[in-house]
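**Q** need coordinates for the below:
(one chain, ligands or ions: 3)
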Amino acid sequence: MDAADVPDDLVNVLFTEEQIQGRLRELAVEIETDYAGKDLLIVGILRGAVMVMADLARSFSRHLEMDWMAVSSYGSGTKSSGVVRILKDLDTDISGRHVVIVDEIIDTGLTLSWLTANLASRTPASVEICTLLRKPEALTMQVDVKYVGWDIPNEFVVGYGLDYRERYRNLRDIGTLAPHVYS
Ligand SMILES: O=P(O)(O)OC[C@H]1O[C@H](OP(=O)(O)OP(=O)(O)O)[C@H](O)[C@@H]1O
Ligand SMILES: Nc1nc2[nH]cnc2c(=O)[nH]1
Ligand SMILES: [Mg+2]
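**A** Ligands and ions are numbered 1, 2, ... in the order given. Model prediction:
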């Protein structure tokens, strides 16, 4: 794959860099309002949430702390088992803290549902979820998400942290891949 081909691999751009940055600023304002006067810890879920975390965090004009978790969902080579394993835990004790989990996409909801329950068991003051994208048609379980960038159709998207075989995370836009990429 030639680097010059990479933008051509996106057939349908769902969200441009400008749209993404604009929506993140709106979400940051919403979160700032909701957490006025409270301390705030945002927790990014590696690796997909790196871009959202970086841009969302820089949209705030208040103090906040950032921490990271890495998890792996597995079972028979799919995510459907609902078994989640922590690969990297928080460095922060979240007891009594207000926590917002940040991810770039909610698909089946398994990852975020498990993570929310896991963090809630650590007696934080509160735990909410912020996701840039959500696929309502793919959800297999109830996940209460307070902050959503956009609901999208049930198609595989890449870019802005979202990968296909570890590539395309570095694209600034989000879109779907041309069929030739999969062949
Ligand atoms: O709602 P779900 O069906 O659980 O899927 C959503 C999760 O899947 C992706 O992460 P992935 O495990 O692919 O790892 P990555 O972030 O390193 O790409 C995405 O970043 C979410 O964390
Ligand atoms: N890249 C990518 N990863 C996902 N993980 C869950 N849904 C998706 C998706 O649509 N795209
Ligand atoms: Mg992820």
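
**Q** from now on I want contacts and neighbour counts done on CA atoms only, so please keep to that.
**A** Fine.

**Q** show the pLDDT at residue 78.
**A** pLDDT, residue 78: 44.

**Q** cool, and the one 5 residues further on?
**A** If you check residue 83, the pLDDT there is 83.

**Q** which residues of this structure lie near ligand 1?
**A** 46-48, 72, 103-111, 162-163 (Cα under 6 Å from any ligand atom).

**Q** from the residues you listed, which is closest to residue 61?
**A** For these, the residue nearest residue 61 by Cα to Cα is residue 103; the value is 20.5 Å.

**Q** and the residue lying closest to residue 176 once chain neighbours are set aside, what does it touch?
**A** Closest residue to residue 176 apart from its sequence neighbours, by Cα to Cα, 6 or more residues apart in numbering: residue 157 at 4.7 Å. Shown in contact with residue 157 (Cα atoms under 8 Å, 6 or more residues apart in numbering): 174-177.

**Q** inside strands: which ones of those?
**A** If you go by DSSP state E, the contacts of residue 157 have 174-177 in strands.

**Q** measure the residue nearest to residue 176 to ligand 2 for me?
**A** 4 Å (Cα to the nearest ligand atom, to the nearest Å).

**Q** sketch out the low-pLDDT regions of this structure for me.
**A** Within the chain, the ranges that satisfy pLDDT under 70 run 1-5, 74-81.

**Q** flag every residue of it that's near ligand 2.
**A** Residues of the chain lying near ligand 2 (Cα under 6 Å from any ligand atom): 107, 155-158, 162-164.
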